[in-house]
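Peer 1: Okay, here's the prediction I keep looking at, along with the sequence it came from:
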Amino acid sequence: MEAAPKCIAIMTQTVGYDAIDIQAATDNNIFVMNNPAFEWCVEEVSNHAMTLLLACAKKVKILDKACQSVPLG
């Protein structure tokens, strides 16, 4: 935050602001805001989580890499 002296606000699009150093922001007179809508992107996040779980269960990455190493022709 000290490297951005013209910064006046930090906005996070996550629920909460635990990843932001509030004390550093306060020391540098920077406002910290978050999106208070708890349902924001819930469906997208859950879809992504399920996609990752299915990809792990089906070993998609491992099988993809195995297919790429097989010479064609």
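Peer 2: Good, I have the coordinates.
Peer 1: From the chain's centre, how far out is whatever helix or strand Q23 lives in? Work that out for me.
Peer 2: Secondary structure assigned from DSSP states H and E places Q23 in helix 22-27. Remark: helix 22-27 is offset 22 Å from the chain centroid, using C-alpha atoms, centre = their mean, to the nearest Å.
Peer 1: what does stretch 59-73 give?
Peer 2: 28 Å.
Peer 1: Check which element follows the helix holding Q23 along the chain.
Peer 2: Following helix 22-27 in sequence, per DSSP H and E, is strand 31-34.
Peer 1: May I have the next helix-or-strand element following that following strand as PDB, with CA atoms only?
Peer 2: Of the helices and strands lying after strand 31-34 in sequence (DSSP H and E), the nearest is helix 42-57. C-alpha atoms of helix 42-57 as PDB (Å, rounded to 0.1, in the frame of the first residue of the first chain):
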ATOM      1  CA  VAL A  42     -22.400 -18.300  -4.900                       C
ATOM      2  CA  GLU A  43     -23.700 -20.300  -7.800                       C
ATOM      3  CA  GLU A  44     -20.600 -19.700  -9.900                       C
ATOM      4  CA  VAL A  45     -18.300 -20.600  -7.000                       C
ATOM      5  CA  SER A  46     -20.200 -23.800  -6.300                       C
ATOM      6  CA  ASN A  47     -20.300 -24.800 -10.000                       C
ATOM      7  CA  HIS A  48     -16.500 -24.300 -10.100                       C
ATOM      8  CA  ALA A  49     -16.000 -26.300  -7.000                       C
ATOM      9  CA  MET A  50     -18.000 -29.200  -8.400                       C
ATOM     10  CA  THR A  51     -16.200 -29.000 -11.700                       C
ATOM     11  CA  LEU A  52     -12.900 -29.300  -9.900                       C
ATOM     12  CA  LEU A  53     -14.100 -32.200  -7.700                       C
ATOM     13  CA  LEU A  54     -15.300 -34.100 -10.800                       C
ATOM     14  CA  ALA A  55     -12.100 -33.400 -12.700                       C
ATOM     15  CA  CYS A  56     -10.100 -34.800  -9.800                       C
ATOM     16  CA  ALA A  57     -12.400 -37.800  -9.400                       C
END
